[in-house]
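>>> What follows is a predicted protein model with its sequence.
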Amino acid sequence: DEWNELRRARTVGAITSTRDTWGPRQYQQMLQELGFYKGAIKDQHDNATAAAVRQFQTANGLAADGVVGDGTWPVLIRAYLNLDPLSIPESQFLPNAKDGCNGGILKWLGCGEKSPAASMLAQCGEPAWRPNRRTEFLFVRASELPCEAAQPVTFNLPTPGAVSPSWCLGPGDPNNRCCFATRDPNQQDKWLIQPAEPQQITVAGSIKFEDGTPLANAHIVLIAPDGEFMDGEQICTPQKGLPIEGRTDANGEFSYPKQKGVGIFTLEIRADVVARVKGAPLTEAKGPVVCRRLDGQPDAHGNTTFEVVVASPAAINTQPAATAASNVVVVKKSYTNPVRQTVTLRANNAFTGSGTFTRSSDAIRFFDAAVGGNELTFNGVDNVFSDAQLVAGVTLFAEGARASTAMNDVQLHLVLTVNGQPGLGATANMTAVELTLDVAQSRSAPGVEPPVLSTNDKINTGRFVQVRAASNTHERTMLIVRQAQPAAFAGELILTPMNARVEAFTQETPAAGQVALANPHVMANGSIPATGARFFVQGVNASTAVRDSGFQLGIRNVEADGDRVLMTTVQSDMVTSATATAPAATFVRFGLWDNAFRANGALFNDAAEANNFIGADMRRFFIRVRDVSQQGAGHINARWHAVDQTGANFQVPADRTITLIETAANSGVFLSRALMLVTDQDDHNQNTHTGLPAGIPDGNTIRARNQSNHRIRRANMFGSVVTEYPHPLAAGSTLTQRLPLFQRSPEERRRLPLQIFVLRVAAGGAGVITTAAGSALWTVDLRVLRETYERIGIRVETVTAPGTPAANIVTVNGDSVVLIDPPAGVNPANVSFADETTITTAHPALANTIRLFFVGGLASGNGGETWSDAIAPATDSRRASAFTIQSTGPYAAAHEVGHALSNKGASGGHYSAPAAPAGNRLHNDQNLMKQQFLGAERVNGPKRLWDANDGDAFNQYTAMRGSRYSRNF
């Protein structure tokens, strides 16, 4: 407000006033400092001034009328003052306070008229002398004035209180307003005014054009730091107060013999030029006025004298511009197609000359077309553009060549040549950002870091990615987003699938409820760790062409195709029907060997699936691969093995290879021959016919365990079967699937608790069979029990009744049996039915638990006998008990437990082979529940349990699994 008041017109004849009647000279000066006006400072509001005013008004949201009126003045003054804002703490000012009166700080005092720098009264009555028209800043070591000071005559202007609420330093003498300061060192009790920099220098300089041509005989006005016009001043003439012009000599030089104090000198060149200190850029040439501190020392450009460079106004009025559509450009790779970023070169008005475009680094290449076109070589021809081209606008197209080493490290320069002289330049900064998207091979083992594919492999071969399985048993592929380079790039990256055939997750292991990344997935570059941001990819459906999918990495709102990984999605699964369209299995089961044997016990092991014990088994399964890249291959190889519940390999053969045959010519769908899982070693060791046609490896041959195309693997009911498809075109890329043994959700596995007792030969003596670790009780009887019932999904567990004396319990590897004394009168080698009542009464069953007693012999002459629910009433202590003789054979204990589990009443609880359908293979001799002698362990021995009705229309499989003794898992 004070400055706006100062610029207003003073009333004619008024002496005491805060108004100073500012006009064109003042606002031209301010507009020039603000960069809007380039002409001479004068008292004329010409067309150039009006144009500058309009530009300022437009830039500041004012009505552009070209007139500096009441609406424009305060905005202009504020903008000018903001160029170099001062912020001085109030504590640095003397106080306008005394004796309880507080008017704030002392802002100013007037005494210059009474204390002239030099008296010119001898010249005329009212002489002019610029050094007397001054404002001085006094720096003192004092906290108050050395005298009382009269209130300034303009203190209450423009209104009372406008300066301060009160004057507290009076009353003082109005006729002695300079009582506080003097320049005479002999005057006491006053502040002695001395220059802050007393050094004296000789002033000299030169004015030349950029090419060294002198501005000869030019009219100049040079003002010293103390305000003196170096060539003199009109003191008493009608033009008093105006400077006397000086001139440069023929060499454009000027000098003054009179020494002056150091400080800032102001040079006005009264010619149609714009000026700047030598060494400063042309952009600092704001008009024909230039300032320079002279103190005898070199300035920032090495000048010790007032060296000035001038140019024509056209050079500064013609403004070049180099504008990039984006200051970031993506580095192009041989296989990507990022859109080139436009850079527009332009001049703001017509001129005569040209413009030269340069770059500071070849990290960015430039072309004359968006696609193809000619690359600029910057040979001094293809990077120079005419005045007409620049006025119309030149569009270039930028493409990243390599990563910048720092942000904005590629400077683009457009420098004009105007009328043969250097003109203004324009600069734009750009950054070449390189993006890297990597994809890894498969892990060689859990937790092992997978190798990353080479650029050639990730593009020309592509990564083969597994299609998701409904059971979430597939393997995902690791995708790695590297931090963009330069690392200081603070933008956001976007990861985008090329189509809906693939999707990515943050989780490596598939599970229900996981949500795929958004499309696109946005991430801040600064958030990406040094090892890269890792995501995990799965296929949605199988590819119909090689490399028909993948991911791109780009920069948000700039470019999508900064890097890419190409992918072919491959479906690898297990099915229970040998067709190309069969639904994928979500679990597998052990083979039942229900169509395995001829009537004489010989094994069906032919090439044809129908006459092969595996191919005809109701629990067999197949490996299927759908891989468009292998269309027409005829056959491919996969691998398979079992793992236990911890994921550790379970009896993995030396060669896990299994061959898959293409279902139809060029179908790209491949199926293995039927495969089977078994629980025991005899079955595992069974040789198998490959079922493969002659003419391919292993075709029409019998293969043994540890050989390729052996079609049996041993597993356990807690584990899984693993299939691997090592892709023939991509070493290290293996598509893996893992299916559990038996359905897990809902859980179909069952538990069977057994109380196992061994009768002692005498009270406190040894058992009728040894219970030592490694004995047949553990290595045969309990093992066979487990292997037998695991085939149908039942886990045998040993339990003991609470309160059983610890001394009677024998525990080996977590399983326990109880040694019991023979009751009085019981012969352990000849146990009768009555003895069995006595024994079971002494050792009652846990609820819904079968008791298995090992005895030395049975009075009935049987190899074993069981009191199932169908035989023994609920009141009979023998109910839910089985008695067995170990010497009966390895299947005896499992057989007797089977009676209790199946609870069959017909045929004495034994299996009866069905007559129908004709030609069925469900023979007595291989069934666990056959009535005859059981014999030794062997493949065609009586150890099978079948999910089919026997001759009594009884299904032992469903009966055993549904028994009251069988528990939820």
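The structure has been received and is ready for your questions.

>>> gap between the closest residue to residue 644 other than its chain neighbours and residue 588?
Closest residue to residue 644 apart from its sequence neighbours, by Cβ to Cβ, 6 or more residues apart in numbering: residue 719 at 4.4 Å. All C-beta spots, glycine's among them, are computed from the backbone N, C-alpha and C. According to Cβ to Cβ, to the nearest Å, residue 719 and residue 588 sit 11 Å apart.

>>> These two: which has the busier surroundings?
residue 588 (23 against 20; other Cβ atoms under 10 Å).

>>> wait, the more buried one sits on residue 678?
No - the pair residue 588 / residue 678 is not scored as a contact, 12.0 Å apart, by Cβ atoms under 8 Å.

>>> Mutual contacts of the two, please.
Residues touching both residue 588 and residue 678 by Cβ atoms under 8 Å, 6 or more residues apart in numbering: none at all.

>>> separation between the residue nearest to residue 832 when sequence neighbours are not counted and residue 827?
Nearest residue to residue 832, sequence neighbours excluded (Cβ to Cβ, 6+ apart): residue 859, at 4.0 Å. The gap separating residue 859 from residue 827 is 8 Å, by Cβ to Cβ.

>>> what's the overlap in contacts for the two?
residue 835.

>>> So for stretch 288-299, what gets flagged as buried?
Using 16 or more other Cβ atoms under 10 Å as the test for burial, stretch 288-299 gives 288, 289, 290, 292, 294, 299.

>>> still on that earlier bit, spell out which residues are contacts of both of residue 719 and residue 588.
740, 741.

>>> what are the pairing partners of the host helix or strand of residue 721, and which direction each?
Taking DSSP states H and E as the criterion, residue 721 maps to strand 720-726. When pairing is defined by DSSP bridges, strand 720-726 lines up against strand 635-643 (antiparallel), strand 734-740 (antiparallel).

>>> Make TSV from these and add mean neighbour count and distance to residue 424 to it.
Output for the strands paired with strand 720-726, formatted as TSV (neighbours: other Cβ atoms under 10 Å; distance: least, Cβ to Cβ, whole Å):
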stretch	mean neighbour count	distance to residue 424
strand 635-643	19	69
strand 734-740	22	63
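
>>> Can you get me a residue count around the residue nearest to residue 832?
Applying other Cβ under 10 Å, we find 14 other residues in the vicinity of residue 859.

>>> repeat for the one 10 residues further on
Other residues near residue 869 number 15, with proximity taken as other Cβ under 10 Å.

>>> same thing with residue 327?
Neighbours around residue 327, by other Cβ under 10 Å: 15.

>>> For residue 728, find the nearest of the strands paired with strand 720-726.
Checking the strands paired with strand 720-726 against residue 728 by Cβ to Cβ gives strand 635-643 as the closest, at 6.5 Å.

>>> mind saving the C-alpha coords of the closest one as PDB?
Provided in PDB are the C-alpha atoms of strand 635-643 (Å, rounded to 0.1, in the frame of the first residue of the first chain):
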ATOM      1  CA  HIS A 635       5.600 -87.500 -28.700                       C
ATOM      2  CA  ILE A 636       7.200 -85.600 -25.800                       C
ATOM      3  CA  ASN A 637       8.700 -86.500 -22.500                       C
ATOM      4  CA  ALA A 638       7.600 -85.700 -19.000                       C
ATOM      5  CA  ARG A 639       8.700 -86.800 -15.600                       C
ATOM      6  CA  TRP A 640       6.900 -88.000 -12.600                       C
ATOM      7  CA  HIS A 641       7.500 -89.100  -9.000                       C
ATOM      8  CA  ALA A 642       6.000 -89.000  -5.500                       C
ATOM      9  CA  VAL A 643       6.800 -86.800  -2.500                       C
END
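
>>> helices and strands around the helix or strand just after that strand, which ones?
Downstream of strand 635-643, the first helix or strand assigned by DSSP H and E is strand 649-650. With contacts defined as 3 or more Cβ pairs under 8 Å, 6 or more residues apart in numbering; DSSP states H and E, strand 649-650 has these neighbours: strand 635-643.

>>> Quick check on residue 907: phi, psi?
The phi/psi pair for residue 907 (degrees, to the nearest 10) reads phi 50, psi 30.

>>> Could you list the buried residues of the lowest-mean-pLDDT helix or strand in the chain?
The helix or strand of the chain with the poorest confidence is helix 313-317; it has a mean of 87 (mean pLDDT, DSSP states H and E). Within helix 313-317, the residues that count as buried by 16+ other Cβ under 10 Å are 313, 314, 315, 316, 317.

>>> What's the mean pLDDT across whichever helix or strand comes after it?
From helix 313-317 onward toward the C-terminus, using DSSP H and E, the following helix or strand is strand 320-324. Averaging pLDDT along strand 320-324 gives 97.

>>> Direction included, what does strand 320-324 pair against?
Partners of strand 320-324 in its sheet, by DSSP bridges: strand 341-347 (antiparallel).

>>> Can I get the partner strand in CSV? Just the C-alpha atoms.
Output in CSV follows, covering the C-alpha atoms of strand 341-347 (Å, rounded to 0.1, in the frame of the first residue of the first chain):
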residue,chain,number,x,y,z
GLN,A,341,8.3,-38.5,-27.9
THR,A,342,7.9,-35.3,-29.8
VAL,A,343,10.2,-32.3,-29.3
THR,A,344,9.0,-29.1,-30.9
LEU,A,345,11.5,-26.3,-31.9
ARG,A,346,9.9,-22.9,-32.5
ALA,A,347,10.6,-19.2,-32.7
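
>>> roughly how far out does it sit from the chain middle?
Relative to its parent chain, strand 341-347 has a centroid offset of 33 Å by Cα atoms, centre = their mean, to the nearest Å.

>>> Show me the contact partners of that strand.
With Cβ under 8 Å, 6+ apart as the test, strand 341-347 has contacts from 318-326, 328-329, 355, 357, 366, 370, 385, 387, 390-391, 393-399, 412, 414, 416, 428, 430, 558.

>>> among these, which ones are buried?
318, 320-322, 324, 326, 328-329, 355, 357, 366, 385, 387, 390, 394, 396-399, 412, 414, 416, 428, 430, 558.

>>> out of those, which are inside helices?
387, 390 (DSSP state H).

>>> hang on, the earlier thing: and the residue nearest to residue 644, what does it touch?
642, 643, 644, 645, 650, 740, 741 are the contacts of residue 719 under Cβ under 8 Å, 6+ apart.

>>> ok, what's across the strand from the second one?
Just to be clear, that refers to residue 643. According to DSSP bridges, beta-bridge pairing links residue 643 with residue 649, residue 720.

>>> which ones are touching it?
649, 650, 719, 720, 721, 722, 738.

>>> just the buried members of those residues?
Judged by 16+ other Cβ under 10 Å, buried ones among these: 650, 719, 720, 721, 722, 738.

>>> Could you dump those into JSON lines with pLDDT and distance to residue 611 added?
As requested, these are arranged in JSON lines below (pLDDT from 0 to 100; distance: Cβ to Cβ, whole Å):
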{"residue": "650", "pLDDT": "95", "distance to residue 611": "30"}
{"residue": "719", "pLDDT": "98", "distance to residue 611": "30"}
{"residue": "720", "pLDDT": "97", "distance to residue 611": "30"}
{"residue": "721", "pLDDT": "98", "distance to residue 611": "25"}
{"residue": "722", "pLDDT": "97", "distance to residue 611": "29"}
{"residue": "738", "pLDDT": "95", "distance to residue 611": "31"}
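
>>> just curious, which of the residues you listed is nearest to residue 143?
Closest to residue 143, out of all of the buried ones among the contacts of residue 643 and judged by Cβ to Cβ, is residue 738, at 88.1 Å.
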